[in-house]
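1. only geometry, no sequence info:
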């Protein structure tokens with residue numbers, strides 16, 4: 001396993017910020033000279049940021065994400081800048097800082113709707129629209145609204161995303177948005193409607209999605225059937241979901257939560273408690289996990 005030290009990240013941030021300051025203070029020829037170094041820096045920062053997120057080192061991931069955004073702006077790489085704005089929006093959502101998530105995702109949406117310059121084979125090309133990327137950001141905005149508790153706004157953005165994904169033939173992404181609509185209806189306690197969307201999502205995920213995506217949707221199907229009192233059906237789905245969720249090398253908090261839920265539903269209490277407690281070592285304020293532990297008789 002690749003190790004990451006605080007000192008290593010600190011030095012990368014210091015060197016990176018110094019290089020970017022020198023870049024912006026340079027004249028045109030100086031910028032041309034420094035641009036390859038900025039590009040090399042962007043590659044290193046991107047790699048380290050990914051590792052930090054996988055290890056739950058969220059402050060490092062956060063700092064590196066903004067350094068990477070600054071690199072892309074310096075290089076004039078509008079495609080990468082858009083993608084990084086979207087990524088930062090998703091990062092804020094994972095940190096449950098929903099107002100900031102909304103702000104960065106809105107910046108990403110405005111940028112892609114306004115058109116961006118793309119370099120292909122060394123030649124610049126203006127792309128006036130990209131319905132796929134627009135759909136991806138709309139879906140992310142829907143997720144932010146959903147987790148923020150703003151269900152009508154969530155539904156509106158998912159319903160904008162879905163036809164765009166269908167239009168461009170993004171079958172995997174279509175499954176993702178259908179899954180999220182299922183989540184939204186489940187929160188609204190419209191369980192039958194939620195089941196319909198989860199079933200549609202699972203059907204697409206089996207053909208076009210990843211095994212992990214299937215595991216997550218199976219978990220939500222299990223949860224919905226459980227809430228409808230159909231425990232036999234729910235148990236079967238939880239067993240299928242758990243098998244997949246246990247394979248995840250770097251589970252995020254959602255995966256750990258779903259894993260704990262499946263274990264609890266299957267009567268594997270101690271393993272469920274361990275999974276939930278793992279979440280709290282990463283995010284002690286995860287209220288849904290605290291509630292789940294309380295239901296298992298554990299006072300946190």
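-> That came through fine. Here the structure is a predicted model, which is why all the values come from computation and not from measurement.
2. from here on, contacts and neighbour counts on C-alpha atoms
-> Noted.
3. past the longest helix seen in the chain, which element shows up next along the chain?
-> In terms of residue count, the longest helix belonging to the chain (DSSP state H) is helix 28-54. Helices and strands here follow DSSP states H and E; after helix 28-54, the next one along the chain is helix 58-75.
4. packing partners of the helix or strand that that next one is followed by?
-> Counting by DSSP H and E, the next helix or strand C-terminal to helix 58-75 is helix 78-94. Helix 78-94 sits against helix 58-75, helix 98-114, strand 116-120, helix 131-148, with contacts defined as 3 or more Cα pairs under 8 Å, 6 or more residues apart in numbering; DSSP states H and E.
5. how about these in CSV, adding mean neighbour count and distance to residue 245?
-> As requested, the helices and strands packed on helix 78-94 are exported to CSV (neighbours: other Cα atoms under 10 Å; distance: least, Cα to Cα, whole Å):
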stretch, mean neighbour count, distance to residue 245
helix 58-75, 20, 22
helix 98-114, 19, 26
strand 116-120, 15, 38
helix 131-148, 23, 21
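6. identify the residues contacting the most centrally placed residue in the chain.
-> Taking Cα atoms, centre = their mean, the centroid of the chain lies closest to residue 90, which sits 5.2 Å from it. Residue 90 makes contacts with 101, 105, 140, as judged by Cα atoms under 8 Å, 6 or more residues apart in numbering.
7. let's go with 7 Å and repeat that
-> By Cα atoms under 7 Å, 6 or more residues apart in numbering, the residues touching residue 90 are residue 101.
8. could you tell me the per-residue confidence at it?
-> Reading off the confidence values, residue 90 has pLDDT 96.
9. which helices and strands sit right next to the longest helix of the chain?
-> Applying 3 or more Cα pairs under 7 Å, 6 or more residues apart in numbering; DSSP states H and E, one finds that helix 28-54 contacts helix 6-25, helix 58-75.
10. so which bits of the longest one are buried?
-> Of the residues in helix 6-25, 9, 12, 13, 16, 19, 20, 23 count as buried by neighbour count, 16 or more other Cα atoms under 10 Å.
11. okay, the nearest residue to the last one once chain neighbours are set aside and residue 234: tell me how far apart.
-> Leaving aside its chain neighbours, residue 23 sits nearest to residue 31 (5.5 Å; criterion: Cα to Cα, 6 or more residues apart in numbering). Residue 31 sits at a distance of 60 Å from residue 234 (criterion: Cα to Cα, to the nearest Å).
12. which one's more surrounded, those two?
-> With neighbours defined as other Cα atoms under 10 Å, residue 31 and residue 234 compare such that residue 234 has more, 24 against 19.
13. not counting its own residues, what contacts whichever helix or strand that one is part of?
-> Here residue 234 sits within helix 231-245, counting by DSSP H and E. With contact meaning Cα under 7 Å, 6+ apart, helix 231-245 is reached by 212, 215-216, 218-219, 221-223, 225-226, 255, 259, 262, 265-266.
14. give me the distance between the two termini of stretch 53-62.
-> Start-to-end, stretch 53-62 (Cα to Cα) is 9 Å.
15. which residues touch that stretch?
-> With Cα under 7 Å, 6+ apart, stretch 53-62 has contacts from 49, 52, 250.
16. pull out the buried positions in the helix holding residue 234.
-> Buried positions in helix 231-245, judged by neighbour count with 16+ other Cα under 10 Å: 231, 234, 235, 237, 238, 239, 240, 241, 242, 244, 245.
17. now that helix: how far from the chain's centre is it?
-> How far helix 231-245 lies from its chain's middle: 24 Å, per Cα atoms, centre = their mean, to the nearest Å.
18. could I get the average pLDDT for that helix?
-> For helix 231-245, the per-residue pLDDT averages 95.
19. same for the helix or strand following that helix, what does it pack against?
-> Toward the C-terminus, helix 231-245 is succeeded by helix 253-265 as the next helix or strand (DSSP H and E). With contacts taken as 3+ Cα pairs under 7 Å, 6+ apart, helix 253-265 sits against helix 231-245, helix 269-282.
20. what angle do helix 253-265 and helix 231-245 make?
-> 140 degrees (axes from the mean of the first three to the mean of the last three Cα atoms, to 10 degrees).
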